[in-house]
Every structure is written in C-alpha cells, then in structure tokens.
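# Make a model of this:
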Amino acid sequence: MTRILKISRRAVLTSAPALAIAGTTHAAGTTPTDPRMSPRIIGNPDAKILVQEWFSLTCTHCAHFSTSEFPEVKAKLIDTGKIRYQFHDFCGDQVGLTAAMVARSLPEERYVPYIEALFSSQMQWAFAAGGDPMQRLQQMSALAGVSAAQFETIRNDKAFAEAMFNQVQKDADMYKIEGTPYFRFNDTHYDQDPETYQKFADLVSKAS
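The predicted structure is shown next:
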C-alpha cells in the first residue's frame, strides 16, 4: 500500500474555467445527479459479496494489483458471479485527478477498459523521464476517443474536479483511508493487504 499524496482544495478551485463541448463525453458542470459521479460497479448485481477498491491511477501499487492480480480476480470471482466489484477513484495528485475525470466522462461501459489501459501503461504516461505527464495523458485519452478539445474541457471543469475532490475527502474521513489500494469486503476492511489472488480470495471467503 502506498501513502496518499493529498490534493489541495486550492489546486482544484484555481483550475481554469470550464468550457462546454458536445460529443461522447459529458458537458462541463456537475449536478447532484451527474452520471459521471454515479457508482462504477461490475459483476452479478445479485452477488452477496460486494468488494470495493479505492485507487489512484498514479499509484504504482494500484497498477501492480490491476495488472498482476485483478485479471484473475475478474475471471474467477467477478465473471463467475461470486462477487460484485465497485471502483472508487481516490486521486492522489493532479494528474491522477484528471485521469479519473476523463475515465468518468467516458460512456460507463468504457470506464473499466480505460483505467485498465492506464494502469498497464502507467510508467509510460505518468512517470516517463522528460515531457509533461499531462500531455502524455491527453495522448492516452485520444486512444479512448477523447479529442484534445474534450480533454481540455474535462481537465478545466472546476465543478467536476471539486466534486471528485469532495468525494475523496469524504471517503478518507469516513473510512480513515491512509493509502491505496484500499479494499472493503462487504463493508469490512481487513488489515491484511490482498497482495496476491489467494489472499484476495481468502478475504472474500471471510466475508461470505
């Protein structure tokens, strides 16, 4: 687990003014029922076990879990109907926040494929030497069908950024989250980190 790097409210609120666009992404500005802030859950809706993960797209430990352990979790536990799986964006920096905003601006069925693509190439867009990680993120977003203009609109949407920021702070306060990835199994957090599929499956069994 990695410790969280806090984003300041000042950094969120001093971003550039939002612009409205048309296209596959939502226009700028959030409402209480903004679909971009709706839960992102996959798996059998009738499964008795709900696993929730809080993650940051710039967290290397989250990337490791996503690329090394999650495929087996998905194949053996989610796709078989044993668990429901909910993704919670828990951004640790401004680049991670923008990445999460782009992910939630895509059609809902493209949310998971997009974050999986970002995690699998995290070292190339988030941490590569030289260049601007935000520019590299824009290039990654283009592969998901987000134009440069749409990316800038999402990036500069103050209301959306603040909504994301507020949700992170609310979850941090409610669950005492100090690092990512952070998991809850049927609303119970275990001190043991599910670093392998077997550990993850054991925690699912405890929640049964």
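# All the strands of this structure, residue numbers only.
Per DSSP state E, the chain has strands spanning 2-3, 40-43, 49-55, 83-89, 179-180, 182-185. These are given in chain order.
# mind checking which helix or strand of this structure has the lowest mean pLDDT?
Among the helices and strands of the chain, helix 9-13 carries the lowest confidence by mean pLDDT, DSSP states H and E, at a mean of 51.
# center of the chain, which residue is that?
Of all residues in the chain, the one closest to the mean position by C-alpha atoms, centre = their mean is residue 89, 3.5 Å from it.
# For it, which residues count as its bridge partners?
Applying DSSP bridges to residue 89 yields these beta-bridge partners: residue 55.
# Could you pull up the contacting residues of it?
54-57, 100, 103-104, 164, 167-168 (C-beta atoms under 8 Å, 6 or more residues apart in numbering). For the C-beta atoms, the positions are set from N, CA and C on the backbone; glycine is no exception.
# Most neighbours of all the residues you listed, which one?
For the contacts of residue 89, the largest number of neighbours (other C-beta atoms under 10 Å) sits with residue 57, at 29 neighbours.
# Helices along this structure, start to end?
With helices called from DSSP state H, the chain shows them at 9-13, 60-64, 70-73, 94-105, 111-120, 122-125, 133-143, 148-155, 158-175, 197-207.
# any chance of those helices in JSON lines, plus distance to residue 45?
Rendered in JSON lines, the data for these read as follows (distance: least, C-beta to C-beta, whole Å):
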{"stretch": "helix 9-13", "distance to residue 45": "33"}
{"stretch": "helix 60-64", "distance to residue 45": "25"}
{"stretch": "helix 70-73", "distance to residue 45": "18"}
{"stretch": "helix 94-105", "distance to residue 45": "20"}
{"stretch": "helix 111-120", "distance to residue 45": "16"}
{"stretch": "helix 122-125", "distance to residue 45": "30"}
{"stretch": "helix 133-143", "distance to residue 45": "29"}
{"stretch": "helix 148-155", "distance to residue 45": "29"}
{"stretch": "helix 158-175", "distance to residue 45": "22"}
{"stretch": "helix 197-207", "distance to residue 45": "17"}
